[in-house]
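K.L.:
Kindly return the folded structure for what I paste below:
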Amino acid sequence: MDYNRSGAKAYAREHMKGIWAAALMPFTVDLRMDEDGFRENVRHWTEDLGIEGVFVAGKQGEFFSMTVGERKRSFELAVQATKGRGHTIMSCSDQNMDVVLELARHAVDVGADYIVVHAPTLHFHAAQDETLLGYYQKIAKHVDIGIALWSHPDSGYLMSPTLCNRLADIETVVAIKYSVPRPMYSELSALASDRIHVSTASEEDWLENILELNWQLYLCSSPPFLLQTATDRRMHDYTQAAFEGQVEKSRSISASLDPVRAALRDTRPLEKPHAHQKYWQELLGQVGGRVRAPLLELTEDEKRLTREAFEQCGLKV
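P.N.:
Predicted structure coming up:
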């Protein structure tokens, strides 16, 4: 870390910007972590695509099928692979607080820039605000690294903008990945953007969120490395145009990606997002690999349909 806890918010305000991607973890035929493949993917994303940060060991990365040791190893690999090229945010999400803190301390030890912690599943709760306030306060008390909150429907509830605004007062909370309806994240942006970055995973809303809400951070999902190649960086280009105030140019570039978005979206089996994205990576020349149980692999027919759509979507490889 290049900051202390009292400087976490200011550091993130200056450095936690641009497009950050949520890494998928490639697994080999025998379901081991493909360390070389992961390193090469991260190098490609940060060097060739200009992605500014990598979100490691989240749900896209199949953390739920990884041991704590494997999650720690993925942190180490990401720090090595981004050195001199990009930033890292490590997902320490877990139902067990001891595991959250163990992973958070490891993130600090290996030189990560930030951590992200998903709102936990809460059992027998009808009102959870004080519980969640205490939860994030405890994490912040035990580690000095900047923390991103993460609220998503799969917790069984959504953290309200009012609660998130209270959480934004925690000294080391620097951002939130707020996977909620737009009215909710718009409200939180008005309440808390002076203290934290507010973001969501929707690439299709990213441009309007820059233009209308003055967002500076895309945090994050897989589109940054699925919609782009080394010779076709349209997400990067429309983002930069928007940051520079070139509204019509940014909208024109973004609209040109609609066929790519449609090909990616319309060929994805609802129950197989990871396998589908990994196969799309392979079509792009990246390392995709297998998925671990309980996730399902694509059928040969699903691969064929995806390949045909990919070849016709207009993405330059």
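K.L.:
can you map out the strands along this structure?
P.N.:
For the chain, the strands defined by DSSP state E cover 18-22, 53-56, 87-91, 114-118, 146-151, 173-178, 197-199, 217-221.
K.L.:
Given the third one, what are its sheet partners and their directions?
P.N.:
Strands adjacent to strand 87-91 in the sheet, as given by DSSP bridges, are strand 53-56 (parallel), strand 114-118 (parallel).
K.L.:
how about those strands in TSV, adding distance to L264?
P.N.:
C-beta coordinates here come from the backbone N, C-alpha and C atoms, glycine included. Converted to TSV, the strands paired with strand 87-91 look like this (distance: least, CB to CB, whole Å):
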stretch	distance to L264
strand 53-56	19
strand 114-118	24
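K.L.:
so which of those comes closest to P183?
P.N.:
strand 114-118 (21.9 Å; CB to CB).
K.L.:
quick one, that closest one and strand 146-151 angle?
P.N.:
20 degrees (axes from the mean of the first three to the mean of the last three CA atoms, to 10 degrees).
K.L.:
angle of strand 114-118 against strand 173-178?
P.N.:
Going by the same axes, to 10 degrees, strand 114-118 makes 40 degrees with strand 173-178.
K.L.:
before we move on, the earlier item: any chance of a markdown table for the strands of the chain, columns distance to Q246?
P.N.:
Converted to a markdown table, the strands of the chain look like this (distance: least, CB to CB, whole Å):
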| stretch | distance to Q246 |
| --- | --- |
| strand 18-22 | 16 |
| strand 53-56 | 23 |
| strand 87-91 | 25 |
| strand 114-118 | 29 |
| strand 146-151 | 29 |
| strand 173-178 | 26 |
| strand 197-199 | 21 |
| strand 217-221 | 18 |
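K.L.:
Throw those into JSON lines and include distance to P294 and mean pLDDT, thanks.
P.N.:
Putting these into JSON lines (distance: least, CB to CB, whole Å; pLDDT from 0 to 100) gives the following:
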{"stretch": "strand 18-22", "distance to P294": "19", "mean pLDDT": "98"}
{"stretch": "strand 53-56", "distance to P294": "21", "mean pLDDT": "98"}
{"stretch": "strand 87-91", "distance to P294": "19", "mean pLDDT": "98"}
{"stretch": "strand 114-118", "distance to P294": "18", "mean pLDDT": "98"}
{"stretch": "strand 146-151", "distance to P294": "21", "mean pLDDT": "98"}
{"stretch": "strand 173-178", "distance to P294": "23", "mean pLDDT": "98"}
{"stretch": "strand 197-199", "distance to P294": "28", "mean pLDDT": "98"}
{"stretch": "strand 217-221", "distance to P294": "21", "mean pLDDT": "95"}
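K.L.:
Just say which of the strands paired with strand 87-91 is most tucked in.
P.N.:
strand 53-56 (a mean of 28; mean count of other CB atoms under 10 Å).
K.L.:
List the strands paired with the helix or strand bottoming out on mean pLDDT in the chain, with their directions.
P.N.:
Across the helices and strands of the chain, the lowest-confidence element by mean pLDDT, DSSP states H and E is strand 217-221, at a mean of 95. With DSSP bridges as the test, strand 217-221 is paired with strand 18-22 (parallel).
K.L.:
Not counting the partner strand itself, show me its contacts.
P.N.:
Contact with strand 18-22 is made by 45, 50-55, 58-61, 87, 89, 201, 216-225, 235-236, 239, as judged by CB atoms under 8 Å, 6 or more residues apart in numbering.
K.L.:
need the contact list for S193.
P.N.:
L213, N214 are the contacts of S193 under CB under 8 Å, 6+ apart.
K.L.:
meant to ask about P153
P.N.:
P153 touches S179, counting by CB under 8 Å, 6+ apart.
K.L.:
Now V116: closest residue in space that isn't a chain neighbour?
P.N.:
A148 (4.1 Å; CB to CB, 6 or more residues apart in numbering).
K.L.:
Figure out which of the strands paired with strand 87-91 is closest to S155.
P.N.:
Nearest of those (CB to CB): strand 114-118, 6.9 Å.
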